[in-house]
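> generate a structure from the sequence data that follows.
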Amino acid sequence: MEQQSLRTDDCTEKVIRYYSDMVYRLAFARTGTKHDADDVFQEVFLRYVKKKPVFVDEEHRKAWLIRVTINCSNNFWSSLWNKKTQELNDEILFETKESINIYSELQQLPPKYREVIHLFYYENMSLEEISLALNRKNSTIRTQLTRARAMLKKFIKEEDYV
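Prediction:
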């Protein structure tokens, strides 16, 4: 599906449709389960509707949505409800065997590495953009990306021997 560009004064429904995939994928990368990602997704767009923020341009809107998604994900992890729940095995249907393997390998990464990989490869963000969105030093992002790649490489090699 080809997405058209947005203007800063576009209606809420159009904005949600345009950014829904990005917000959901990031929420899923941060939380690790479909149900928790659904909760974060709803919270992000609820805040968007309630606050009605004004943006300078689309990059500003995108950065705001990413930051709110990260904050809502962090709030999710620190909530008392989450501390008293037990993890369910969340199965997601994939179209190819490679997608299944990549998903399972990514789930083995710690959240801080999983989110950096997600933003870099799935959202096509530069190191500088990721650094700003996550409020971390550029060198930290570079190191986390390198470590995440090394972990993934190790996981994949271990799979080949099994």
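> domain parsing of this protein, as residue ranges.
Structural domains annotated on the chain: 1-92, 94-162, as defined by automatic domain parsing.
> what's the average pLDDT for the longest one?
Averaging pLDDT along domain 1-92 yields 80.
> with mean neighbour count added, can I get the domains of the chain in TSV?
C-beta coordinates here come from the backbone N, C-alpha and C atoms, glycine included. Formatted as TSV, the entries for the domains of the chain read as follows, by neighbours: other Cβ atoms under 10 Å:
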stretch	mean neighbour count
domain 1-92	15
domain 94-162	15
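> work out for me the element the residue positioned nearest the centre of the chain sits within.
For the chain, the residue nearest the mean C-alpha position is Leu26 (1.3 Å; Cα atoms, centre = their mean). Taking DSSP states H and E as the criterion, the element that holds Leu26 is helix 12-31.
> what about that helix, distance to the chain center?
For helix 12-31, the separation from the chain centroid amounts to 9 Å (computed by Cα atoms, centre = their mean, to the nearest Å).
> packing partners for the helix or strand just after it?
Tracing the chain past helix 12-31, the next element assigned as helix or strand by DSSP H and E is helix 34-51. Helix 34-51 makes packing contacts with helix 12-31, helix 58-78 when contacts are defined by 3 or more Cβ pairs under 8 Å, 6 or more residues apart in numbering; DSSP states H and E.
> follow-up on the earlier one: pull the CA atoms of the helix holding Leu26 into PDB?
Coordinates of the C-alpha atoms in helix 12-31 are reproduced here as PDB (Å, rounded to 0.1, in the frame of the first residue of the first chain):
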ATOM      1  CA  THR A  12      -6.800  13.000  12.900                       C
ATOM      2  CA  GLU A  13      -8.100   9.900  11.100                       C
ATOM      3  CA  LYS A  14      -5.700  10.400   8.200                       C
ATOM      4  CA  VAL A  15      -2.800  10.900  10.600                       C
ATOM      5  CA  ILE A  16      -3.700   7.700  12.500                       C
ATOM      6  CA  ARG A  17      -3.900   5.700   9.200                       C
ATOM      7  CA  TYR A  18      -0.600   7.100   8.000                       C
ATOM      8  CA  TYR A  19       1.400   6.400  11.200                       C
ATOM      9  CA  SER A  20      -0.400   3.400  12.500                       C
ATOM     10  CA  ASP A  21       2.000   0.800  11.200                       C
ATOM     11  CA  MET A  22       5.000   2.700  12.400                       C
ATOM     12  CA  VAL A  23       3.600   3.200  16.000                       C
ATOM     13  CA  TYR A  24       2.400  -0.400  16.200                       C
ATOM     14  CA  ARG A  25       5.700  -1.900  15.000                       C
ATOM     15  CA  LEU A  26       7.600   0.200  17.500                       C
ATOM     16  CA  ALA A  27       5.200  -0.700  20.300                       C
ATOM     17  CA  PHE A  28       5.500  -4.400  19.400                       C
ATOM     18  CA  ALA A  29       9.300  -4.200  19.300                       C
ATOM     19  CA  ARG A  30       9.300  -2.600  22.700                       C
ATOM     20  CA  THR A  31       6.800  -4.800  24.400                       C
END
